[in-house]
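Enquirer: sequence plus predicted model, see below.
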Amino acid sequence: MRAVVYKDVNSVAVEQVDDPRIEAPTDVLVRITTTAICGSDLHMYEGRTVAETGIVFGHENMGIVEEVGSGVSRIRKGDRVSLPFNVACGFCRNCLAQKTAFCLTVNPPYAGGAYGYVGMGPYTGGQAEYLRVPFADFNCLVLPPGDEHENDFAMLADIFPTGYHATVLADLNPGETIVVFGAGPVGLMAAYSAMLKGASKVFVVDKVPGRLQLAESIGAIPVDFSAGDPVEQVVDQTDGMGADKGVDAVGYQATAAEGEEQPAVVLNQLVDAVRHTGRLGVVGLYLPQDPGAPDENAANGRLLFNVGRFFEKGQKMGTGQADAKAYNAQLRDLIIAGRATPSFVVSKEVPLDEAPDAYARFDRREEGYSKVVLKP
Ligand SMILES: [Zn+2]
Ligand SMILES: [Zn+2]
């Protein structure tokens, strides 16, 4: 089959690789109909992880079940399914607690597996024609047949649940205010989820005009950090208190207004932009190793986070990647009911064969390439 293969820093190619096959009775094979490029794929693409050449990318996958292992009972050939980016077993202690992002059995001795991602186990990515899905009864989310809502459903594998998870980590309640740092696809999904949950004001901090416009289009308040201190802008619009809750949807490649990387700048601004006793949800990615970090401490995941200020404000913080499965069924039903259309973030649809060009344009932050879906 054809698949997007990581070749070297800033280089992917669409190549022929071995077809996946049923390896365990609990597997199914899915013919991919839509898969998406994620900002976290760029971390690997840019050489900012320890990803090795040859890895097939793609953790935001959906498609049609083509082949079913003998031990699968719920999923049938022909089912249209979304696959949470977390590969999980369904029976370990963490899965039973709905913490599927930290599954204990799929990637030992680590907690958590994913498709097509460095350090997340042997699961080939889905930016390809076919995908092997382990523990299929547990991992497949069944969608209505046909091709309606295709790009909305494509957001269910990662970014819609991840954005929603940010609001859960931040413990957002109806009527509260929230500030979301980062208006990339995940930040926009966090803002969108906050709107769905009835936040009274949703601030979105970024500096890219197109992203801020998209945030405004869903009813959020854009905060341009290149036009002035984002903390001041948020505090000024919340009676001098700061927002009730906050989300970091940026992660370790955060930049200051002038453009240079400062890995802890968003975390520190979040502490300042959220009120005393507020709660922070951190879904932006932080890694224990970053080969391209601006200094040696950051290269080992040690950032200059202002713990003193955080403590003084009596805030709480929730961190970590989302458990897509904890939310994807409800979010699917919002899409079916016409209450949510997360595909508003999709900026471009391209054939799988054009993935290398799409990666290069996305990497250059070219307009229109903020959320690319690939069609095999
Ligand atoms: Zn993703
Ligand atoms: Zn598990």
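Expert: Yes, it's here. Ligands and ions are numbered 1, 2, ... in the order given.
Enquirer: helix, strand, or coil at residue 279?
Expert: Per DSSP: H, G, I helix; E, B strand; the rest coil, the local secondary structure of residue 279 is strand.
Enquirer: quick one: the helices in the stretch 201-350 of the chain?
Expert: Remark: helices assigned in the stretch 201-350 of the chain by DSSP state H, counting those that start in this stretch are 209-217, 230-236, 265-273, 296-299, 307-312, 324-336.
Enquirer: check which residues of the second one are buried.
Expert: Of the residues in helix 230-236, 230-231, 233-235 count as buried by neighbour count, 16 or more other Cβ atoms under 10 Å. In short, each C-beta sits where N, CA and C put it, glycine included.
Enquirer: so which elements touch that helix?
Expert: Contact partners of helix 230-236 among helices and strands, from 3 or more Cβ pairs under 8 Å, 6 or more residues apart in numbering; DSSP states H and E: strand 201-206, strand 221-224, helix 265-273.
Enquirer: so which of the ones you listed is the most surrounded?
Expert: strand 201-206 (a mean of 26; mean count of other Cβ atoms under 10 Å).
Enquirer: other SSEs contacting that strand?
Expert: strand 177-181, helix 185-196, helix 209-217, strand 221-224, helix 230-236, helix 265-273.
Enquirer: what lines up beside that strand in the sheet?
Expert: With DSSP bridges as the test, strand 201-206 is paired with strand 177-181 (parallel), strand 221-224 (parallel).
Enquirer: what residue is smack in the middle of this protein?
Expert: residue 159 (4.0 Å; Cα atoms, centre = their mean).
Enquirer: give me the distance between the closest residue to residue 99 other than its chain neighbours and residue 146.
Expert: Once flanking residues are discounted, residue 99 sits nearest to residue 323: 5.8 Å by Cβ to Cβ, 6 or more residues apart in numbering. Residue 323 sits 28 Å away from residue 146, going by Cβ to Cβ, to the nearest Å.
Enquirer: of these two, who's got more company?
Expert: Neighbours were counted for residue 323 and for residue 146 using other Cβ atoms under 10 Å; residue 323 has more, 25 against 8.
Enquirer: next up, identify which helix or strand residue 124 is on.
Expert: Under the criterion DSSP states H and E, no helix or strand holds residue 124.
Enquirer: may I have the phi/psi pair for the residue lying closest to it once chain neighbours are set aside?
Expert: With sequence-adjacent residues excluded and distances taken as Cβ to Cβ, 6+ apart, residue 124 is closest to residue 56, at 4.8 Å. Dihedral pair for residue 56: phi -90, psi 120, per degrees, to the nearest 10.
Enquirer: surely residue 56 meets residue 4?
Expert: Yes. Using Cβ atoms under 8 Å, residue 56 is in contact with residue 4, at 6.5 Å.
Enquirer: neighbour-wise, which of these two wins?
Expert: Taking neighbours as other Cβ under 10 Å, residue 56 and residue 4 compare with residue 4 leading, 30 against 22.
Enquirer: for the closest residue to the more buried one other than its chain neighbours, give its distance to residue 230.
Expert: Once flanking residues are discounted, residue 4 sits nearest to residue 127: 3.8 Å by Cβ to Cβ, 6+ apart. Using Cβ to Cβ, we find residue 127 at a distance of 34 Å from residue 230.
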